[in-house]
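Asker: the following comprises the amino acid sequence and a computationally predicted model.
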Amino acid sequence: MSISWDDDVIEQERLHERVARRLARDIVAGRLREGDIVPPAEVIAKKFAVSRTVGREVLQALSSAGLIDVKHGRKSTVTAAKDWRFLEDLVQHAISREQLAG
């Protein structure tokens, strides 16, 4: 028997992606609503027991997906669903997970 390891790629989800997916689900499900203030990186870091760097990466991922509006020096807020980038993996995953859960 011969095993070809080249064909098998296992991608490991990064820590900030796991936390971002959790918060994305809260947004998609309406637990965090349009205009709600999103916790800053420091609070995210403490809540999920991660570094502040990971907290900042979470906010960046949510912003890139259009789920939140980050304004430096001001509080970040949840955006309207019309502004979400529905083709982004983060948004797609949150929608599918909430549909399965609900």
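Answerer: Now that the structure is in, tell me what you want to look at. Numbering: from 1, shown residues only.
Asker: now for the protein, the helix or strand with the poorest mean pLDDT.
Answerer: None of the helices or strands of the chain scores lower by mean pLDDT, DSSP states H and E than helix 89-101, at a mean of 88.
Asker: list phi and psi for the nearest residue to Ile95 once chain neighbours are set aside.
Answerer: Spatial nearest neighbour of Ile95, chain neighbours left out: Val28 (5.5 Å); criterion: CB to CB, 6 or more residues apart in numbering. C-beta: built from backbone N, CA, C; applies to glycine. The phi and psi torsions at Val28 (degrees, to the nearest 10) take the values phi -60, psi -40.
Asker: show me what contacts Val28?
Answerer: Going by CB atoms under 8 Å, 6 or more residues apart in numbering, Val28 touches Val91, Ala94, Ile95, Glu98.
Asker: who wins for most neighbours among these?
Answerer: Per-residue neighbour counts (other CB atoms under 10 Å) across these peak at Ala94, which has 24 neighbours.
Asker: in this structure it contacts Gly30, no?
Answerer: No. Contact criterion CB atoms under 8 Å: Ala94 and Gly30 do not qualify, at 11.4 Å.
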